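Visitor: pasting the structure only:
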């Protein structure tokens, strides 16, 4: 039986590790807030009402695609199409194709950036794998104007950052929602995590400094993973109410951690 993503693909390695996923969505959280189509997320009300719940919901869809057999993955993509179509009908207008492309481009870019931050530099072939997987998702969503090659994507990504982002009242409000949902200490950690992965254009629009205070701790965190203590860092990043979801993020990891559930209980 054919899988949507080959079992030895680097894409599975990326989306099988909780910490990489958290950095992907840390970067995406900043860029989502700047996107000129962010008003669509406010129309449904789901993202501003529960940013963390939306994160885990998005992860579940992404993993339903990355780790499933091809037909099951295509069904998941059809489900995404149906949800978006329902929203479009309710609002009486169509989500622009460029907005869909922007989301795919974010997933490609932050998958690469987050993996390279926490693991190692990726080869061009591996980057192309990431690009090809999410382009197939876009094709399944019947999107038009998708790039044909990784180099074309690089150019289109730069155009997106230049043309499709702006700081708006939605941006300010959404970051306020992040702060309320996470609490001030975790919110400040989120801001520092974002500085480690987002493109310079995003940081400039947010008026962020280039240096992140978390950078010196990246090496310490990598060591904690070898000692199987990284679960403590994840609990620091997200509220304890999401312990089960945090644990679920690592279910696809290639690194077995038989005592993790007990550790979570002890930490709670």
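Guide: Great, that's in hand. None of these values were measured; they are calculated from a predicted model. Numbers count the residues shown, from 1 in each chain.

Visitor: show me where the stretch 151-268 of the chain has helices.
Guide: Ranges of helices in the stretch 151-268 of the chain, per DSSP state H, counting those that start in this stretch, are 169-182, 184-197, 200-205, 215-226, 230-237, 243-249, 260-267.

Visitor: ditto for the stretch 1-150 of the chain
Guide: Under DSSP H, counting those that start in this stretch, the stretch 1-150 of the chain gives helices at 10-14, 18-34, 39-44, 46-49, 51-66, 70-91, 97-118, 124-140, 150-163.

Visitor: deepest of these, which one?
Guide: helix 18-34 (a mean of 24; mean count of other Cβ atoms under 10 Å). Backbone N, C-alpha and C define where each C-beta goes, glycine included.

Visitor: and that helix, average pLDDT?
Guide: Averaging pLDDT along helix 18-34 gives 89.

Visitor: distance between it and the chain's centre?
Guide: Centroid displacement of helix 18-34 relative to its chain, using Cα atoms, centre = their mean, to the nearest Å, is 5 Å.

Visitor: for that helix, packing partners?
Guide: If contacts are counted by 3 or more Cβ pairs under 8 Å, 6 or more residues apart in numbering; DSSP states H and E, helix 18-34 sits against helix 51-66, helix 97-118, helix 169-182, helix 184-197, helix 200-205, helix 230-237, helix 243-249.

Visitor: would JSON lines of those with mean pLDDT and distance to residue 1 be doable?
Guide: Listed next are the helices and strands packed on helix 18-34 as JSON lines, based on pLDDT from 0 to 100; distance: least, Cβ to Cβ, whole Å:
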{"stretch": "helix 51-66", "mean pLDDT": "80", "distance to residue 1": "16"}
{"stretch": "helix 97-118", "mean pLDDT": "94", "distance to residue 1": "25"}
{"stretch": "helix 169-182", "mean pLDDT": "92", "distance to residue 1": "39"}
{"stretch": "helix 184-197", "mean pLDDT": "92", "distance to residue 1": "35"}
{"stretch": "helix 200-205", "mean pLDDT": "92", "distance to residue 1": "40"}
{"stretch": "helix 230-237", "mean pLDDT": "68", "distance to residue 1": "33"}
{"stretch": "helix 243-249", "mean pLDDT": "67", "distance to residue 1": "24"}
